[in-house]
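Undergrad: any chance you could fold what I've pasted below:
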Amino acid sequence: MNFSRKRQRQAPTVIIIALIDVLMVVLIFLVVTTTFKQQVPSVKLALPESKQGKSGATEDPPLIVTIVNQAPHLYIGNRAVTAEKLQEELTKASKGNSQVKLAIRADKGAPIGEVVTVMDAAKVASIKNVSLMTKETGAK
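TA: Numbering: from 1, shown residues only. Prediction:
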């Protein structure tokens, strides 16, 4: 004898409020524990003025390239040159001497693209010692 009646099973109910609460807790946890990326400059620049400047006169003076903010931008010594002519001059200087030094003297308002052009030309000419010239602002 079977006294139990067959009960009809109800479909399980999903409690959406509980799911939203759990989702909010997980979201708050992720926001709190996330470290935000700091904006780090990809290129570090030496400013035109420096309190810690070094005097540069050595026995082997560097080749000086001057970059100004008005066209023509590039000068070797007191001669204005184009980027192609600069490349030829640097290649010619590095063929005779593998230890040639290049100093870049850039104006504060000089376009950064011209500085990059000079550094690329030095890299193509296999000049490994490249420095930026700054002016000293005061005593230590």
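
Undergrad: downstream of the helix or strand of the chain with the lowest mean pLDDT, the next helix or strand is which one?
TA: Least confident element among the helices and strands of the chain, by mean pLDDT, DSSP states H and E: strand 49-50 (a mean of 58). For strand 49-50, the following helix or strand on the C-terminal side (DSSP states H and E) is strand 63-67.

Undergrad: next helix or strand past that following strand?
TA: strand 74-76.

Undergrad: mind listing what that following strand pairs with, with the direction of each?
TA: strand 63-67 (antiparallel), strand 79-81 (antiparallel) (DSSP bridges).

Undergrad: and the ones you listed: which comes nearest residue 99?
TA: strand 63-67 (11.6 Å; Cβ to Cβ). C-beta here means a position set from N, CA and C on the backbone, and glycine is covered the same way.

Undergrad: mind checking the longest helix of the protein?
TA: helix 16-33 (DSSP state H).

Undergrad: residue 131 and residue 82, how far apart?
TA: 23 Å (Cβ to Cβ, to the nearest Å).

Undergrad: same deal with residue 93?
TA: Taking Cβ to Cβ, one finds residue 93 at 16 Å from residue 82.

Undergrad: neighbour count winner among these two?
TA: residue 93 (16 against 11; other Cβ atoms under 10 Å).
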